[in-house]
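S.K.: can you look at this prediction? I've put the sequence above it.
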Amino acid sequence: MVMETQQAELDTALLCHCAGLPFAFAIEHVLRASYLPAVQPLPETPEYLIGITRFAGESVPLVDLAGRLTLSGGATRYTIDTPVVWCQAGARRAGFVVDRIERVSRGRSRPQHLDTHVKGATTPFLAIINAHDSDSDWLLLDPERLLAFDMGHSVSELQIDPVAIRRALRQLELTP
C-alpha cells in the first residue's frame, strides 16, 4: 500500500528484473513464482500476450512484462526455464514473464512522480521501494493497471521511457 504523504511505509515485495530494469510486485498480489508452463497461443492478440495457460484450474493469460511495458531487451525466446510471476488484482489473474526473479524482500516504499517518464497517460508504477537487504531501489508495479488489458488491442497503452526511468533511479541513489 502506498501512502499519500512522503513518509515511507514498510512493504514486502517480490523483486525481479525485466529488460534491464528492477521491478517489484507487492507480495499481496503475487500468487506464485514458477517457470514457464505449456502455453496455447492465441491468434490476433497483442504481441505482449504470449497465450493462454492453465493456472489453478482456470485459463489465465500469460503476458510478457517487457512487451506489456513496451520495453525492448526483454525475453525474446521462451524456454522451460523462463521465470513467471503469477499475479492477481481483483478478479483478474495473469502470469508475467520476467527475465530474472531475485527474491522476496521487505523495504520502504515511497510515492514518486514517475508520470513524466511514461509515454502514455497511464503509469504502471505505484511507488519506489527501497529493499532493506540490498539498499537498491525497485519500481513497484501496479497490478491493476498491468492486468487491465484488452486482448483485442494490438499495442499496449502502458509505455515507459527506460532511459528516463534509469536516470530517475540513479538520481534517487544520489539523494538521501
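M.R.: That came through, no problem. Numbering: from 1, shown residues only.
S.K.: residue contacts, the residue nearest the centre of the chain?
M.R.: The residue lying closest to the centre of the chain (C-alpha atoms, centre = their mean) is residue 141, at 4.9 Å. Listed by C-beta atoms under 8 Å, 6 or more residues apart in numbering, the contact set of residue 141 reads 23, 24, 25, 124, 125, 126. Where C-beta positions appear, they are placed from N, C-alpha and C, glycine not excepted.
S.K.: let's go with 6 Å and repeat that
M.R.: Taking C-beta atoms under 6 Å, 6 or more residues apart in numbering as the criterion, residue 141 is in contact with 23, 25, 124.
S.K.: who is the first one paired with across the strands?
M.R.: The bridge-partner assignment for residue 23, based on DSSP bridges, gives residue 16, residue 139.
S.K.: look up how far residue 45 lies from it.
M.R.: Per C-beta to C-beta, to the nearest Å, residue 23 is found 23 Å from residue 45.
S.K.: more neighbours: which of these two?
M.R.: Neighbour count, other C-beta atoms under 10 Å: between residue 23 and residue 45, residue 23 has more, with 25 against 18.
S.K.: please identify the buried residues of stretch 23-33?
M.R.: For stretch 23-33, burial by neighbour count (16 or more other C-beta atoms under 10 Å) applies to 23, 24, 25, 26, 29, 30, 33.
S.K.: export that stretch as PDB, just CAs?
M.R.: Extracted in PDB, the C-alpha atoms of stretch 23-33 (Å, rounded to 0.1, in the frame of the first residue of the first chain):
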ATOM      1  CA  PHE A  23      10.700  -4.200 -10.800                       C
ATOM      2  CA  ALA A  24       8.800  -5.300  -7.700                       C
ATOM      3  CA  PHE A  25       5.400  -6.900  -7.200                       C
ATOM      4  CA  ALA A  26       3.700  -6.300  -3.900                       C
ATOM      5  CA  ILE A  27       3.500  -9.700  -2.200                       C
ATOM      6  CA  GLU A  28      -0.200  -9.500  -1.600                       C
ATOM      7  CA  HIS A  29      -0.800  -9.600  -5.400                       C
ATOM      8  CA  VAL A  30       1.700 -12.500  -6.000                       C
ATOM      9  CA  LEU A  31       0.100 -15.900  -6.200                       C
ATOM     10  CA  ARG A  32       3.200 -17.800  -7.100                       C
ATOM     11  CA  ALA A  33       6.500 -17.700  -8.900                       C
END
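S.K.: quick revisit: closest to residue 66 among the contacts of residue 141?
M.R.: Closest to residue 66 out of the contacts of residue 141 is residue 23 (10.0 Å), distances taken as C-beta to C-beta.
S.K.: alright, calling it a day.
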